[in-house]
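Chemist: Just a sequence and a predicted model for now, questions to come.
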Amino acid sequence: MRLRKWNVRTGGYEPYDIPGEWNVRYFSEDMSETVNCARCGRKMKYGDGFKSRLIHTEMGYGYCVCDDCFFGAEWEEEKGKL
């Protein structure tokens, strides 16, 4: 499955491939739905995740990512730009 990931250095989107068996969501009516983090693939409840700052739909909605990726990898990647 192909998503889009914002590149903080170039200021544009790049293709971002994830395994086809991952269940990634940018929206769910069921907050207890089991989804994969769009960044690392960890399984979690949708309601326990955060909207990605970097991995988006074509309309710019952030996919659900786990707390480790949101507060760790994504913040570190953004700080690298500053």
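Modeler: Yep, that arrived.
Chemist: make it CA atoms for all contacts and neighbour counts henceforth
Modeler: Noted.
Chemist: For the longest helix along the chain, name the packing helices and strands.
Modeler: Scanning the chain for the helix with the most residues, using DSSP state H, yields helix 75-79. Counting contacts by 3 or more C-alpha pairs under 8 Å, 6 or more residues apart in numbering; DSSP states H and E, helix 75-79 packs against no other helix or strand.
Chemist: Could you list the buried residues of that helix?
Modeler: Within helix 75-79, no residue is scored as buried using 16 or more other C-alpha atoms under 10 Å.
Chemist: so what pLDDT did residue 81 get?
Modeler: Residue 81 is assigned 63 on the pLDDT scale.
Chemist: can you list the residues that contact stretch 1-12?
Modeler: For stretch 1-12, the external contacting residues (C-alpha atoms under 8 Å, 6 or more residues apart in numbering) are 13-20, 54-58, 77-78, 81.
Chemist: Just flag the most distant two among the residues you listed.
Modeler: Taking C-alpha to C-alpha, the two most distant members of the contacts of stretch 1-12 are 20 and 81; they sit 30.3 Å apart.
Chemist: Give me the residues contacting the longest helix of the chain.
Modeler: Applying C-alpha under 8 Å, 6+ apart, the external contacts of helix 75-79 come out as residue 8.
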